[in-house]
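**Student:** With the sequence up front, the predicted model follows.
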Amino acid sequence: MDGAALTMQIFRTPARILIPKLVVSRNGWKTKAGERKWRLKAAQIRSRDLEASRGRWPARAGEAERQMAEVKCQFEQLRRELSAARSEAEQLRDALKKKSRRLR
């Protein structure tokens with residue numbers, strides 16, 4: 001017996017019925033395959049974007065912390081300067097009061 005004869009199937013359904021069903025089936029799997037391909041591409045793009053975003057966050061956080069430390073230093077320096085200016089203003093007021101008392 002020939003091996004090719006064993007693998008060939010004989011369809012009992014007429015071609016006029018079988019062919020439209022096969023076409024519908026083919027169109028269905030093509031549609032599903034296209035949908036899967038589209039979803040895969042979207043997932044790859046999303047993954048790429050998320051990976052890039054997560055890669056940028058440590059640098060941005062480090063920069064923000066550095067800026068915050070710098071602003072805190074400036075704030076403390078300005079607070080000390082304000083305190084010094086207030087005490088100097090108070091001394092000048094006292095000196096002015098003493099001077100105005102002497103002139104009377």
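**Tutor:** Yes, it's here. Quick caveat, the model's predicted, so the values are computed rather than measured.
**Student:** report the longest helix in this structure, please.
**Tutor:** helix 15-103 (DSSP state H).
**Student:** can you list the weak-confidence ranges in this structure?
**Tutor:** Residues of the chain that meet the criterion pLDDT under 70 lie in 1-8, 104.
**Student:** if I look at the one residue sitting closest to the centre of it, how far off is residue 39?
**Tutor:** The centroid of the chain falls nearest to residue 53 when counting by CA atoms, centre = their mean (4.3 Å). With the distance defined as CB to CB, to the nearest Å, residue 53 ends up 21 Å from residue 39. The way it works is simple: take the backbone N, C-alpha and C, and place the C-beta from them, glycine included.
**Student:** likewise residue 102?
**Tutor:** Counting by CB to CB, the gap from residue 102 to residue 39 is 91 Å.
**Student:** which of the two has more neighbours?
**Tutor:** residue 39 (10 against 7; other CB atoms under 10 Å).
**Student:** same for the longest helix of the chain, what does it pack against?
**Tutor:** Using 3 or more CB pairs under 8 Å, 6 or more residues apart in numbering; DSSP states H and E as the contact test, no helix or strand touches helix 15-103.
**Student:** So what's the gap between that helix and the chain middle?
**Tutor:** Averaging C-alpha positions (CA atoms, centre = their mean, to the nearest Å) puts helix 15-103 8 Å from its chain's average.
**Student:** which ones are touching residue 22?
**Tutor:** Residues in contact with residue 22 (CB atoms under 8 Å, 6 or more residues apart in numbering): none are found.
**Student:** I meant residue 70, not that one.
**Tutor:** So residue 70 contacts nothing (CB under 8 Å, 6+ apart).
**Student:** Roughly how far does it sit from residue 59?
**Tutor:** 17 Å.
**Student:** Counting neighbours, what do you get for residue 86?
**Tutor:** 10.
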